[in-house]
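> build the 3D model from these lines:
(one chain, ligands or ions: 2)
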Amino acid sequence: MPTIFIDGREIQADKEQTVLEAAIANGCELPYFCYHPALSIAGSCRVCVVQVEGRSWVEIGCNMPVSDGLRVLTDSDLVREHRAAMLELTLLNHPVDCGICDKAGECTLQDYHYKYNGKPSVSVDAKVHATKYHELGPRVILDNERCILCSRCVRFTREISKTNALGIQQRGDHSLVRASEDGAFERDAYSDNVVDICPVGALLSRSFLHRARVWYLEPTPSVCPGCARGCTVQVWHRKQEWKLHALDPAKNTRIERVTPLDNPKVNGPWICNKGRDLAKVFERPRALQPMLRGSPVTLDAAVAAARDLVAAAKRPVALVSSWGSNEEIAAFAASLGARFAGFVKQDHVAHPGDGVEDHLLRRPENHPNCAAPLARFPAWNGTLDPVADLVLVWGEGSVRLPEGAKVIRLDSYERPELADADVFIPISIQTERNGRYTNFEGVVSAFSRCFAKADAVADAEALFAALATRSDREAAA
Ligand code: SF4
Ligand code: SF4
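Ligands and ions are numbered 1, 2, ... in the order given. As a prediction, the model looks like this:
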């Protein structure tokens, strides 16, 4: 382990690290734009400069390997002067349109300018103009005037998504990021990650474009239910203190955007585009009204009717959701697991483009929690015992019922067959509760509540205990 000194502070570095990586790992502040821990070194932005003690020049920290006894300065007069000059160059043609830029509030160029330069431009020439609105594809918009040519987006498509979909054309201040002409960027299932890694507001998500200022939002940690990888994500929504009173109240409880939550055990800093579109999954029309054969009733009446059906059943079968949390599945097993013949039903229903496996993250299973329910119950083969007299269907999907069997449905989203159930009980969705999923490799990840559930909606974990008799619980124990 080489010992290095950063501004006189002794640091035990890893021998594979660069000076910038050792500085970041040990809480020493060094600015950077083009460096990204998951990408190759480009060394183009030149703001991570350091001065080796005794030398009269500066060098970039992102490409300087550590060596035993190395002594570097990150705040010498020479470093400060060079860093300020590089920021001035970076800003030479950058428009100061932060007021309409979605990156404002998260832009490192903004932050570094105020921290390390802060002076007005000394240029007397007009800024060079470039394309202000260029569609890189249906999901990502490029503002070339804001681009600082760090090449992170280009390296992402070469090294991570491996589509080689982006490149840089021309030279000097005419340089432009452009997509390859064969449409590879449009087909890149991970394309939206370039929006996160762009250090400025050059790459913008069409779905988030001018939708909200980021300082009105907050992230809640969650897990993408799109496939069995179970990527950890941040679900962004409006802060309670910035709640809107005059406009549509639904804007206070909608998902504004979804970004990756860096997790080395599961997804690293990336997610696929399907994970970005979780609002389309969670914000489908909800089923919020408990019903007895299609007639609205209170939640208490529906739970009482379901409990009577459970108590009277001789051969009950349960289709257990693979979208249920570990806690809900454990609650079902503890309360009703002995009474019901349980089978794991795939939940949720496949959408176009689902069921793909690739080199990076995507898995063919369309549901988030295969491992936890399959550890307790066998997979459902699509048929039901013809003499079953009660079927509890938990979650989405069509089921062919045995003749004469009663049915209890637990679901969250509107669908016609809910009105045919003897008892329908609406249940909360992932954004309305806390829980955990176990992914296909056995890694457990937690998700947290960001919105309150409606009063008539049940929490499945509590519901299973309410449906069981004491003898059911004793038998399951
Ligand atoms: S668009 Fe963003 S990520 Fe790509 S080169 Fe320009 S500044 Fe870097
Ligand atoms: S790889 Fe799977 S879990 Fe990860 S973001 Fe995509 S759909 Fe969601």
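> secondary structure class for residue 409?
Under DSSP: H, G, I helix; E, B strand; the rest coil, the three-state class of residue 409 is strand.
> quick check: chain neighbours aside, which residue is closest to residue 23?
Leaving out its chain neighbours, the residue that sits closest to residue 23 by CB to CB, 6 or more residues apart in numbering is residue 30, at 4.8 Å. Quick note: C-beta positions are derived from backbone N, CA and C, even for glycine.
> that neighbour belongs to a strand, doesn't it?
No - per three-state DSSP, residue 30 lies outside any strand segment and is coil.
> ok, now which ones touch it?
Residue 30 makes contact with 20, 23, 24, 48, 50, 61, 74 under the criterion CB atoms under 8 Å, 6 or more residues apart in numbering.
> then residue 475?
By CB under 8 Å, 6+ apart, the contact set of residue 475 is 338, 339.
> could you redo the last one with a cut-off of 6 Å?
Residues near residue 475 by CB atoms under 6 Å, 6 or more residues apart in numbering: residue 338.
> tell me, how many residues neighbour residue 351?
13 (other CB atoms under 10 Å).
> what separation do you get for the residue lying closest to residue 289 once chain neighbours are set aside and ligand 2?
Among residues not flanking residue 289 along the chain, residue 296 sits closest, at 5.1 Å (CB to CB, 6+ apart). In this view, residue 296 and ligand 2 are 35 Å apart by CB to the nearest ligand atom, to the nearest Å.
> next: residue 326.
Counting by CB to the nearest ligand atom, the gap from residue 326 to ligand 2 is 16 Å.
> just to check, that residue is in contact with residue 374?
No - with contact defined as CB atoms under 6 Å, residue 326 does not count as touching residue 374 (12.0 Å).
> and those two? Which one has more around it.
Each of residue 326 and residue 374 has its neighbours counted (other CB under 10 Å); residue 326 has more, 18 against 15.
> the residue nearest to the spatial centre of the chain bridge partners, please.
The residue lying closest to the centre of the chain (CA atoms, centre = their mean) is residue 233, at 2.7 Å. Beta bridges link residue 233 to residue 222, residue 260 when assigned by DSSP bridges.
> how about the strands in the stretch 51-200 of the chain?
For the stretch 51-200 of the chain, applying DSSP state E, counting those that start in this stretch gives strands covering 59-60, 71-73, 134-135, 140-142, 166-169, 176-179.
> quick revisit: what's near enough to touch the residue nearest to the centre of the chain?
With contact set as CB under 6 Å, 6+ apart, residue 233 has these partners: 222, 224, 258, 261, 271, 275.
> count of neighbours near whichever residue of the stretch 1-150 of the chain sits closest to ligand 2?
Of all residues in the stretch 1-150 of the chain, residue 139 sits closest to ligand 2, at 14.1 Å by CB to the nearest ligand atom. Using other CB under 10 Å, residue 139 has 20 other residues around it.
> before we move on, what about residue 414?
A total of 14 residues lie near residue 414 under the criterion other CB under 10 Å.
> give me the distance between it and residue 298.
Distance, residue 414 to residue 298, by CB to CB, to the nearest Å: 19 Å.
> now swap in residue 195 and tell me
Going from residue 195 to residue 298 by CB to CB gives 45 Å.
> the two: who's more crowded?
Neighbours of residue 195 and residue 298, each counted by other CB under 10 Å, are more numerous for residue 195; the result is 24 against 12.
> show the pLDDT at the residue of the stretch 301-450 of the chain found nearest ligand 2.
The nearest approach of the stretch 301-450 of the chain to ligand 2 comes at residue 361, 3.7 Å away (CB to the nearest ligand atom). The per-residue pLDDT reported for residue 361 equals 97.
> give me the element it is part of.
Assigned by DSSP states H and E, residue 361 belongs to neither a helix nor a strand.
> just give the closest residue to it, not the sequence neighbours.
Leaving aside its sequence neighbours, residue 361 sits nearest to residue 229 (CB to CB, 6+ apart; 5.1 Å).
> same thing with residue 243?
residue 252 is the one closest to residue 243 (CB to CB, 6+ apart), at 5.0 Å.
> would you mind naming what in this protein lies close to ligand 2?
Within the chain, the residues that sit near ligand 2 (CB under 6 Å from any ligand atom) are 224, 226-227, 229-231, 267, 271-272, 274-275, 361-363.
> 8 Å instead?
Counting by CB under 8 Å from any ligand atom, the chain comes close to ligand 2 at 189, 223-231, 233, 260, 267, 271-276, 278, 360-363, 368, 439.
> of those, which belong to helices?
If you go by DSSP state H, these have 273, 274, 275, 276, 278 in helices.
> so which pair among those residues is furthest apart in space?
273 and 278 (10.8 Å; CB to CB).
> more neighbours, the two?
Neighbour count, other CB under 10 Å: between residue 273 and residue 278, residue 278 has more, with 21 against 17.
> so for the residue nearest to residue 23, what's the pLDDT?
Looking at residue 30, its pLDDT is 96.
> repeat for residue 477
Residue 477 carries a pLDDT value of 69.
> show me where the stretch 151-300 of the chain has its helices.
With DSSP state H, counting those that start in this stretch, the ranges of helices along the stretch 151-300 of the chain come out as 152-159, 184-187, 193-197, 273-276, 278-282, 299-312.
> now the ones you listed in CSV, with mean pLDDT?
Below are the helices of the stretch 151-300 of the chain laid out as CSV (pLDDT from 0 to 100):
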stretch, mean pLDDT
helix 152-159, 98
helix 184-187, 95
helix 193-197, 98
helix 273-276, 96
helix 278-282, 93
helix 299-312, 96
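> what's the end-to-end length of stretch 10-25?
Stretch 10-25 has an end-to-end distance of 13 Å (criterion: CA to CA, to the nearest Å).
> residue 258 versus the closest residue to residue 215 other than its chain neighbours, what's the distance?
Closest residue in space to residue 215, ignoring its immediate chain neighbours: residue 105 at 4.9 Å, by CB to CB, 6+ apart. To residue 258, residue 105 is 17 Å away according to CB to CB.
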